[in-house]
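**Student:** build me a model from this:
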Amino acid sequence: MKKIIVGILFGGKSAEHEISLLSAKNIFEAINKEKFEPIPIKIEKDGKWEIKDLSSIPLDVVFPILHGPFGEDGTVQGLLKLADIPFVGSGVLGSAAGMDKDVMKRLMRDAGIPIGKFLTVKTHEQVPPFAQIEAALGNPFFIKPANMGSSVGISKVRDEAEYTAALKDAFQYDTKVIIEEFISGREIECAVLGNETPIASVPGEIIPSHDFYSYDAKYLDDKGASLEIPAKLDDQVVKRVQELSIKVFQTLCCEGLSRVDFFLKGNGELVVNEINTMPGFTRISMYPKMWEASGISYTELITRLIELAIERFEKERRLKTSVL
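**Tutor:** Just a heads-up that it's a prediction; the model follows:
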């Protein structure tokens, strides 16, 4: 049987370049090599591609394991769509909507999905004074770049000095930042898999040992957080997490895979924090670990995602053919 040639696209120009390298290495090692022939394609930090002429490679499908801007935001997805190549994960719309926290939150709010209070500030706009933000969102609050992941550029703010410094830091990564209320609660995550009829994994919980789950806590400190998979939740909460995860996935027009992050408040209320349309994909990342706890191994998960990409591509091609 002819092997399916899979381009593993990794690296990229975002601040999450190193995480992408690690995810790609793990995928390359674990992919079912009896069924697939993986071809690594690296994008350097300056945007240069290690393989210059993609037309010379007979790619059957691409796994774009790119995190953050210029990879997870619809840009590469648009390129692959123009090249008529099937690819793993959400298309242009779902990727873009999931990447921009401002757009994401407004779409979820309009769909009746529970989210925290937030405000948006752009570089060309007058920055609201600290007292105005404090009155609207309470104290403390968070400042984040609108288009970034892995907790890059995120700050917890308690006073005016921290407010000024946090805005300066966040604006290094984006021309738009969001300011969110602080929500005290357990950090619950859930993985979603599928296209038109997605399924949700058992939820997991992140128990950070830092003030919050920062970039350092995620990637630099071995004891930055402990993971509990499955999370210790009663059946009713598990069901609600899974239902909301699928609703978020479908509201934002996502496909293939996503990880939905929640806060579980002390009164039992669930609040959606965000979605990640291309979550970390190392063997020890939350997304594959939650599926492993749900009965799908890391290698099988990679296979399913590739099959979902091809299935979607073939369906879209049939629709185009029937229209023409």
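**Student:** the longest helix in the protein is where?
**Tutor:** The longest helix of the chain (DSSP state H) is helix 298-323.
**Student:** tell me the buried residues in it?
**Tutor:** Under the neighbour-count criterion of 16 or more other Cβ atoms under 10 Å, helix 298-323 has 298-299, 301-306, 308-309, 312-313 buried. (C-beta placed from N, C-alpha, C; glycine too.)
**Student:** now for that helix, which elements pack on it?
**Tutor:** Taking 3 or more Cβ pairs under 8 Å, 6 or more residues apart in numbering; DSSP states H and E as contact, the helices and strands that helix 298-323 lies on are strand 4-11, helix 17-30, strand 61-64, strand 186-194, strand 256-264, helix 286-293.
**Student:** tell me which of those lies nearest to residue 148.
**Tutor:** Comparison of the helices and strands packed on helix 298-323 against residue 148 by Cβ to Cβ identifies helix 17-30 as nearest, at 12.1 Å.
**Student:** show the average pLDDT along that closest one.
**Tutor:** Taken as a whole, helix 17-30 has a mean pLDDT of 94.
**Student:** which strands or helices does it pack on?
**Tutor:** Using 3+ Cβ pairs under 8 Å, 6+ apart, the elements in contact with helix 17-30 are strand 4-11, strand 36-43, helix 298-323.
**Student:** so where's the stretch 151-300 of the chain uncertain?
**Tutor:** 151, 210-224 (pLDDT under 70).
**Student:** what about the helices in it?
**Tutor:** For the stretch 151-300 of the chain, applying DSSP state H, counting those that start in this stretch gives helices covering 160-170, 215, 235-251, 286-293, 298-323.
**Student:** do you know how far the residue nearest the centre of the chain is from residue 130?
**Tutor:** Compute the mean C-alpha point of the chain, and by Cα atoms, centre = their mean the closest residue is residue 276, 1.8 Å away. Per Cβ to Cβ, to the nearest Å, residue 276 is found 30 Å from residue 130.
**Student:** try residue 15
**Tutor:** Shown here: residue 15 relative to residue 130, a distance of 26 Å by Cβ to Cβ.
**Student:** same thing with residue 80?
**Tutor:** Remark: distance between residue 80 and residue 130 (Cβ to Cβ) = 43 Å.
**Student:** comparing these two, which residue is more hemmed in?
**Tutor:** Neighbours were counted for residue 80 and for residue 130 using other Cβ atoms under 10 Å; residue 80 has more, 24 against 18.
**Student:** hmm, that one is touching residue 87, no?
**Tutor:** Yes - the pair residue 80 and residue 87 qualifies as a contact (Cβ atoms under 8 Å) at a distance of 4.5 Å.
**Student:** where do the contact lists of these two overlap?
**Tutor:** Shared between the contact lists of residue 80 and residue 87 (criterion: Cβ atoms under 8 Å, 6 or more residues apart in numbering) are residues 62, 64.
**Student:** which one is residue 249 nearest to, not counting chain neighbours?
**Tutor:** With Cβ to Cβ, 6 or more residues apart in numbering as the measure, residue 192 is the residue that lies nearest to residue 249, at 4.5 Å, once sequence neighbours are left out.
**Student:** touching, that neighbour and residue 250? I think so.
**Tutor:** No - here residue 192 does not reach residue 250: they are 9.2 Å apart, not a contact under Cβ under 8 Å.
**Student:** what residues are shared contacts of the two?
**Tutor:** Taking Cβ under 8 Å, 6+ apart as the contact criterion, the common neighbours of residue 192 and residue 250 are residue 198.
**Student:** more crowded one of these two?
**Tutor:** residue 192 (25 against 17).
**Student:** and residue 200, what does it touch?
**Tutor:** With contacts defined as Cβ under 8 Å, 6+ apart, the neighbours of residue 200 are 190-193, 241-243, 245-246.
**Student:** can you tell me the closest non-neighbouring residue to the residue nearest to the centre of the chain?
**Tutor:** If the residues on either side of it in the chain are set aside, residue 276 comes closest to residue 259, at 4.6 Å by Cβ to Cβ, 6+ apart.
**Student:** can you count the residues close to the one you found?
**Tutor:** By the measure other Cβ under 10 Å, the count of residues near residue 259 is 24.
**Student:** residue 184 versus that one, what's the distance?
**Tutor:** Distance, residue 259 to residue 184, by Cβ to Cβ: 22 Å.
**Student:** now do residue 60
**Tutor:** From residue 60 across to residue 184, the span is 48 Å (Cβ to Cβ).
**Student:** okay, those two: which has more neighbours?
**Tutor:** Set side by side, residue 60 and residue 184 show more neighbours around residue 60, with 18 against 7, by other Cβ under 10 Å.
**Student:** circling back to that earlier point, distance to residue 203 added to the helices and strands packed on helix 17-30, as JSON lines?
**Tutor:** As requested, the helices and strands packed on helix 17-30 are arranged in JSON lines below (distance: least, Cβ to Cβ, whole Å):
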{"stretch": "strand 4-11", "distance to residue 203": "28"}
{"stretch": "strand 36-43", "distance to residue 203": "30"}
{"stretch": "helix 298-323", "distance to residue 203": "17"}
